[in-house]
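Peer 1: mind looking at a prediction? Sequence and model below.
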Amino acid sequence: MRRRGAPTFAAAALASLLSLVALAGCSSADATEDTPQLKVTGAFMPQPVSDMASGFLTVTNSGGAADKLTSVTSDISDEVTIHETKDQKMRQVKSFDIPAGGELSLARGGSHLMFMGLKTKPEQGQRISVELHFEKTDPIKVDLPVKETTYNPTQH
């Protein structure tokens with residue numbers, strides 16, 4: 001006795017399995033498009049003249065989702081904060097937005113990192129290691145080359 005429904009059921013099960021595999025492939029491609037993809041460039045620290053220092057860099061997000069810079073840590077200071085400057089007034093903020101397909105620019109005269117109570121005073125030519133912490137993305141380690149006190153990349 002031969003069953004007629006068996007081959008049809010097997011074919012349907014195989015088709016369903018192939019559909020699930022195809023959907024899983026799409027989901028993972030969509031996940032990449034829906035995640036931040038961060039890259040740091042242009043990092044530097046002007047040589048400090050006191051026990052405080054500032055740091056500047058650009059975080060570019062080529063991903064399809066926004067992220068936030070939430071904190072910064074460094075061995076050179078126990079207190080590294082993030083500041084914005086608006087209307088010539090500096091104030092500490094909890095985070096900076098990094099839009100999808102956009103960038104966060106920390107530059108002289110604007111938003112920046114602030115290193116308070118330096119443990120050692122870095123000299124021009126040294127590199128200061130920092131770790132950037134984000135809301136969604138894993139931390140990124142960056143070396144800030146110490147430049148002359150008046151260094152401004154827009155003028156070089």
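Peer 2: The structure has been received and is ready for your questions.

Peer 1: let me see the ranges of the strands in this structure.
Peer 2: 38-46, 53-61, 67-73, 79-86, 89-93, 96-98, 103-106, 112-116, 127-134, 140-147 (DSSP state E).

Peer 1: of the ones you listed, flag the one that's most buried.
Peer 2: strand 53-61 (a mean of 21; mean count of other Cβ atoms under 10 Å). (Glycine included, C-beta is placed from N, CA and C.)

Peer 1: only C-alpha atoms, please: export stretch 33-40 in PDB.
Peer 2: C-alpha atoms of stretch 33-40 as PDB (Å, rounded to 0.1, in the frame of the first residue of the first chain):
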ATOM      1  CA  GLU A  33      21.700  48.100   8.600                       C
ATOM      2  CA  ASP A  34      19.900  48.800  11.900                       C
ATOM      3  CA  THR A  35      23.100  49.000  14.000                       C
ATOM      4  CA  PRO A  36      25.600  51.800  14.500                       C
ATOM      5  CA  GLN A  37      28.900  51.400  12.700                       C
ATOM      6  CA  LEU A  38      31.300  53.800  14.400                       C
ATOM      7  CA  LYS A  39      34.800  55.000  13.400                       C
ATOM      8  CA  VAL A  40      37.000  57.600  15.200                       C
END
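
Peer 1: just to check, H112 is in contact with H83?
Peer 2: Yes. Counting by Cβ atoms under 8 Å, H83 is a contact partner of H112 at 5.6 Å.

Peer 1: how far away is G55 from A43?
Peer 2: 7 Å (Cβ to Cβ, to the nearest Å).

Peer 1: can I get the strands of the chain in CSV including mean pLDDT and distance to P153?
Peer 2: Formatted as CSV, these follow (pLDDT from 0 to 100; distance: least, Cβ to Cβ, whole Å):
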stretch, mean pLDDT, distance to P153
strand 38-46, 97, 6
strand 53-61, 97, 8
strand 67-73, 98, 19
strand 79-86, 94, 17
strand 89-93, 93, 20
strand 96-98, 97, 19
strand 103-106, 96, 11
strand 112-116, 97, 13
strand 127-134, 98, 16
strand 140-147, 98, 9
